[in-house]
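J.: Let me see the structure of the following:
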Amino acid sequence: MTDQPVGAHRPAHASAANWPLALLGNPDLLGRPLLALFCSRRCPGSVILKTYDAAKALRAAGIAVIGGFQTPVERDCLAILLRGDQPVVICPARSLAGMRLAGPIKAGVQAGRTLLVSPFAPRHRRATAALAERRNQVVAALARWVFLPHAAPGSKTEALAHALLAAGKPVFTVDDAENAGLLALGARPLDVAALR
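T.: Model prediction:
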């Protein structure tokens with residue numbers, strides 16, 4: 001699908017107000033309480049399995065999820081979520097201009113349950129580390145809560161976790177020994193029922 005974004009949208013969230021957003025899909029999804037998903041590229045096997053179970057539970061509960069879905073675990077979670085009917089908001093680290101959508105994403109957009117969001121101008125057609133960092137700020141600003149299955153020590157994801165927790169954003173993680181550092185920082189084990 002090569003449709004151009006449907007206009008620009010300024011989020012109602014004060015912390016995201018400086019980012020006009022290009023949208024493709026159902027803009028009403030931004031009015032839903034959103035759970036942001038961020039996960040380090042390196043993730044222990046025990047956490048991966050629990051994360052997939054969490055994604056299935058989020059899908060079953062109808063929780064709206066937002067993310068860039070760039071790392072391997074995030075992409076796998078997106079595939080799980082797109083099999084459901086709950087809202088999914090995808091924020092790539094690039095412009096929406098000229099973007100081709102995979103079949104499940106295109107079907108979700110057409111059904112009104114998937115929205116693509118980008119704060120980037122049409123000239124930004126390739127993801128970069130700098131764009132990914134800005135995208136993560138937008139995703140976090142649009143979300144009510146954050147689900148961070150794993151933050152590898154010393155990673156940008158760990159730095160993001162520190163910043164989010166310091167700002168008072170509710171951060172959840174997978175209850176696993178590999179996440180002892182995140183839990184010590186103040187992240188709480190994910191309880192899907194509490195998000196309803």
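J.: Run through the neighbouring helices and strands of the one helix or strand Ala132 maps to.
T.: Applying DSSP states H and E as the criterion places Ala132 in helix 129-142. Helix 129-142 sits against strand 34-37, strand 64-67, strand 114-118, helix 156-166, with contacts defined as 3 or more C-beta pairs under 8 Å, 6 or more residues apart in numbering; DSSP states H and E. Every C-beta, even on glycine, is put in place using the N, C-alpha and C of the backbone.
J.: ok, what's across the strand from Phe172?
T.: Phe147, Arg188 (DSSP bridges).
J.: burial count for it?
T.: Around Phe172 there are 21 other residues, counting by other C-beta atoms under 10 Å.
J.: so it touches Phe147, yeah?
T.: Yes - counting by C-beta atoms under 8 Å, Phe172 does reach Phe147; the two are 5.0 Å apart.
J.: intersection of neighbour lists for these two?
T.: Residues touching both Phe172 and Phe147 by C-beta atoms under 8 Å, 6 or more residues apart in numbering: Leu190.
J.: tell me the contacts of Asp191?
T.: Phe172.
J.: cool, and the one 5 residues further on?
T.: Counting by C-beta under 8 Å, 6+ apart, Arg196 touches Ala61, Ile63.
J.: Give me the pLDDT for it.
T.: Note on Arg196: pLDDT of 76.
J.: for Gly7, same thing?
T.: Note on Gly7: pLDDT of 44.
J.: repeat for Ala97
T.: 88.
J.: Distance check, it against Phe120.
T.: Note on Ala97: its distance to Phe120, by C-beta to C-beta, to the nearest Å, is 9 Å.
J.: With adjacent residues omitted, what lies nearest to the residue positioned nearest the centre of the chain?
T.: Central residue of the chain (C-alpha atoms, centre = their mean): Gly67, 1.5 Å from the mean position. Once flanking residues are discounted, Gly67 sits nearest to Leu37: 3.9 Å by C-beta to C-beta, 6 or more residues apart in numbering.
J.: Identify the nearest residue to the residue in the chain sticking out farthest from the centre in space, disregarding sequence-adjacent positions?
T.: What lies farthest from the middle of the chain is Ala177; by C-alpha atoms, centre = their mean that is 23.7 Å. Of all residues beyond its chain neighbours, the one nearest Ala177 is Ser46 (7.7 Å), with distances taken as C-beta to C-beta, 6+ apart.
J.: Assumed that neighbour was part of a strand.
T.: No - Ser46 sits outside any strand when classified using DSSP: H, G, I helix; E, B strand; the rest coil, being helix.
J.: Name all residues that make contact with it.
T.: For Ser46, the contacting residues are Asp176, Ala177, Glu178, by C-beta under 8 Å, 6+ apart.
J.: same question, Lys156
T.: Going by C-beta under 8 Å, 6+ apart, Lys156 touches Glu133.
J.: repeat that for 7 Å
T.: Residues counted as contacts of Lys156 (C-beta atoms under 7 Å, 6 or more residues apart in numbering): none.
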